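**Q** build me a structure from this.
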Amino acid sequence: MRLAETFILRTARILERRRFEFLFGTGAPEPVLTALAAYRNPDGGYGNALEPDGRGPGSQPVTVLSALHILHEAGAKPDDAVCDYLDSITAPDGGVPFVHPNALDYPRAPWWAVPETYEGSLLPTANLVATLWRSGVTHPWVDRAAAFCWPRIESLTSTHPYEALACVTFLDAATDRPRAAAAATHIGALVRESGHVRLGAEGETPPGYNPAELHTPHEYAPTPDSLARHWFTDAEMEASLNTLITTQHPDGGWRARWAIWTPVTEFEWAGVLTIESLKTLRAYNLLPS
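**A** Coordinates of the predicted model:
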């Protein structure tokens, strides 16, 4: 823990420093919220490289997702302006796009592609609904977006790792537990049958994927009570968590497995991932005192 703290102090953004102090030290939530507010825009959303791979100032769905995650972590309920922003960018089908077109004029990761058609994407929409559900938010947009997500999740015949992770995040937060459990069984079967899970050196990588893109068992199930925990044997989860421990770098941080397309994102992501790794280890009672 001390090594991770030193890494955060040496390299992380002020936001991750405040999060670390609050989550693992004696810090209060107010400094976290103050640091987060610097990324907010007048439209009620968040931008300004809060999500490191999008460098533009404009609000983006996945950047709002990052903000909602931190608000929930700090015990703060989002205001209605966040949902009003999401409502303002919602496609006619009821979902929000992965990347909003306002990113076109600014530096961004190559995978931040703006689609030719403006339509909802399950990946951000399911994650956003889940985080708003966990925060107890009631707003017409949440119900509309949930109605977009449910039939798409239940009818999936193929998926990709990030979409599957969004699905289980949505299902973990859903209040209809029998329906969520049934859908999670369906998604888990797709993940296992398609090879969308990283189990050490075992198995083959599906065509079109880099091994680094495949999620590990502990990433699908960052807490023991996740529905995705049932997708994996005890031995698979133990091996996954051991890998998480051993991939901590000698400097105390964890790094992104995906490509670093511009230098600053290496350590912006490393601060985020170091905190998330420690949270997972704590959830499984593996965090050293």
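**Q** mind listing what Y46 touches?
**A** Shown in contact with Y46 (CB atoms under 8 Å, 6 or more residues apart in numbering): 36, 39-40, 59-60, 63-64, 66-67. For glycine as for every other residue, the C-beta is placed from the backbone atoms N, C-alpha and C.
**Q** show me what it bridges to in the sheet.
**A** With DSSP bridges as the criterion, Y46 is bridged to R40.
**Q** all numbers from here: first residue = 422
**A** Will do, 422 is the new start, and the previous item becomes Y467.
**Q** so how far is W652 from it?
**A** Look at Y467 and W652: by CB to CB, to the nearest Å, they are 32 Å apart.
**Q** cool, T559 as well?
**A** 31 Å.
**Q** before we move on, what about F445?
**A** 29 Å.
**Q** and the two? which has more neighbours close in?
**A** W652 (22 against 17; other CB atoms under 10 Å).
**Q** I figured A642 hits L662, correct?
**A** No - here A642 lies out of contact with L662, judged by CB atoms under 8 Å, at a distance of 10.2 Å.
**Q** look at these two and report which has more neighbours.
**A** Counted by other CB under 10 Å, A642 and L662 do not tie: A642 has more neighbours, with 26 against 18.
**Q** now do stretch 485-505, average pLDDT.
**A** What stretch 485-505 shows for mean pLDDT is 98.
**Q** what about that stretch, how long is it end to end?
**A** Taking CA to CA, to the nearest Å, stretch 485-505 runs 12 Å from one end to the other.
**Q** residues in contact with that stretch?
**A** Contacts for stretch 485-505 (CB under 8 Å, 6+ apart): 436, 440, 443-444, 450, 453-454, 457, 460-461, 465-467, 471-472, 506-507, 545, 548-549, 552-553, 555-558, 560-563.
**Q** what's the answer for stretch 542-561, then?
**A** Contacts of stretch 542-561 (CB under 8 Å, 6+ apart): 482-483, 485-486, 489-490, 492-493, 498-499, 501, 504, 507-508, 515-519, 563, 566-567, 569-570, 573-574, 583-584, 587-588, 590-591, 593-596.
**Q** one more pass at 6 Å, please.
**A** For stretch 542-561, the external contacting residues (CB atoms under 6 Å, 6 or more residues apart in numbering) are 482-483, 486, 489-490, 493, 498-499, 504, 516-519, 563, 566-567, 569-570, 573, 583-584, 587-588, 590-591, 594.
**Q** which residues of the stretch 572-710 of the chain fall in helices?
**A** 582-594, 598-615, 638-641, 655-667, 685-704 (DSSP state H, counting those that start in this stretch).
**Q** can you say which of these is nearest to A530?
**A** With CB to CB, the closest approach to A530 among these belongs to helix 685-704: 7.8 Å.
**Q** which strands and helices sit next to that closest one?
**A** Under the contact criterion of 3 or more CB pairs under 6 Å, 6 or more residues apart in numbering; DSSP states H and E, helix 685-704 touches helix 435-445.
**Q** so how far is V558 from A567?
**A** Distance, A567 to V558, by CB to CB: 12 Å.
**Q** contacts only, for A594.
**A** Shown in contact with A594 (CB under 6 Å, 6+ apart): 551, 554-555.
**Q** quick check, nearest of these to E426?
**A** For those, the nearest to E426 is R555 (27.0 Å; CB to CB).
**Q** what about that closest one, neighbour count?
**A** Neighbours around R555, by other CB under 10 Å: 14.
**Q** pLDDT wise, what is it at?
**A** On the pLDDT scale, R555 gets 98.
**Q** what about it, distance to R598?
**A** 14 Å.
**Q** poorly predicted segments of the stretch 522-671 of the chain, please.
**A** Counting by pLDDT under 70, the ranges of the stretch 522-671 of the chain that qualify are 621-632.
**Q** let's see it at 80
**A** Low-confidence segments of the stretch 522-671 of the chain, defined by pLDDT under 80: 621-634.
**Q** can you name the helix or strand that A551 falls in?
**A** helix 543-555 (DSSP states H and E).
**Q** got the contact list for G475?
**A** G475 makes contact with 481, 524, 529, 533 under the criterion CB under 6 Å, 6+ apart.
**Q** tell me the contacts of the last one?
**A** Under the criterion of CB under 6 Å, 6+ apart, the neighbours of W533 are 474-475, 520.
**Q** can you put these in a markdown table and add pLDDT and distance to H670?
**A** Listed next are those as a markdown table, based on pLDDT from 0 to 100; distance: CB to CB, whole Å:
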| residue | pLDDT | distance to H670 |
| --- | --- | --- |
| D474 | 98 | 20 |
| G475 | 98 | 25 |
| V520 | 98 | 30 |
